[in-house]
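**Student:** coordinates only, sequence not included:
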């Protein structure tokens with residue numbers, strides 16, 4: 001990939017989840033936040049709800065191929081985490097490309113408010 005490296009640390013994933021914004025589809029959810037670097041960092045997660053290891057690896061390959069096709073259109077300087085959903089089974093990379101081009105890039109183009117904390121924790125208390 002041209003402007004992208006793999007996201008390695010758990011801290012970067014958590015930052016994208018907690019302080020970033022997200023865009024969702026029936027087959028994939030994308031979390032993103034600015035990273036103040038001159039490149040993008042990409043992370044892909046697939047849970048056990050997707051299926052066995054073969055199905056999870058296929059989901060990762062589909063997402064990676066779709067991202068590679070859309071990489072030149074994505075703004076530089078973001079951490080992006082794709083989370084595969086159970087609906088990804090039977091999808092092709094062109095379906096994920098359509099999601100990236102029509103929804104994700106438009107969401108990323110909106111100004112990112114740095115003072116906003118992103119996804120806030122619920123303040124529920126446990127009943128005794």
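**Tutor:** It's in. A quick note: this is a predicted structure, and the numbers were derived from the prediction, not measured. Numbering: from 1, shown residues only.
**Student:** before we move on, what SS does the nearest residue to residue 103 once chain neighbours are set aside have?
**Tutor:** Leaving aside its sequence neighbours, residue 103 sits nearest to residue 23 (C-beta to C-beta, 6 or more residues apart in numbering; 5.3 Å). (Each C-beta comes from the backbone N, C-alpha and C, glycine too.) The local conformation at residue 23, judged by DSSP: H, G, I helix; E, B strand; the rest coil, is strand.
**Student:** same question, residue 12
**Tutor:** Residue 12 ends up helix, using three-state DSSP.
**Student:** if I look at it, how far off is residue 75?
**Tutor:** According to C-beta to C-beta, to the nearest Å, residue 12 stands 18 Å off from residue 75.
**Student:** these two: which has the busier surroundings?
**Tutor:** Comparing residue 12 with residue 75 by other C-beta atoms under 10 Å, the one with more neighbours is residue 12, at 16 against 12.
**Student:** what residues are up against the more buried one?
**Tutor:** Going by C-beta atoms under 8 Å, 6 or more residues apart in numbering, residue 12 touches 35, 41, 43, 79.
**Student:** can you give me the strands in the protein?
**Tutor:** 4-6, 21-24, 28-34, 40-45, 78-84 (DSSP state E).
**Student:** quickly list what residue 5 is bridged to.
**Tutor:** Beta-bridge pairing of residue 5 under DSSP bridges involves residue 41.
**Student:** test my guess that it contacts residue 37.
**Tutor:** No. Between residue 5 and residue 37 there is no contact under C-beta atoms under 8 Å: 9.1 Å.
**Student:** residue 13 contacts residue 20, correct?
**Tutor:** No. At 10.2 Å, residue 13 does not count as touching residue 20 under the criterion of C-beta under 8 Å.
**Student:** which residues do those two both contact?
**Tutor:** Joint contacts of residue 13 and residue 20 (C-beta under 8 Å, 6+ apart) are residue 81.
**Student:** dump the residue contacts of residue 8.
**Tutor:** Counted by C-beta under 8 Å, 6+ apart, residue 8 has zero contacts.
**Student:** in the protein, where is pLDDT below threshold?
**Tutor:** 1, 114-128 (pLDDT under 70).
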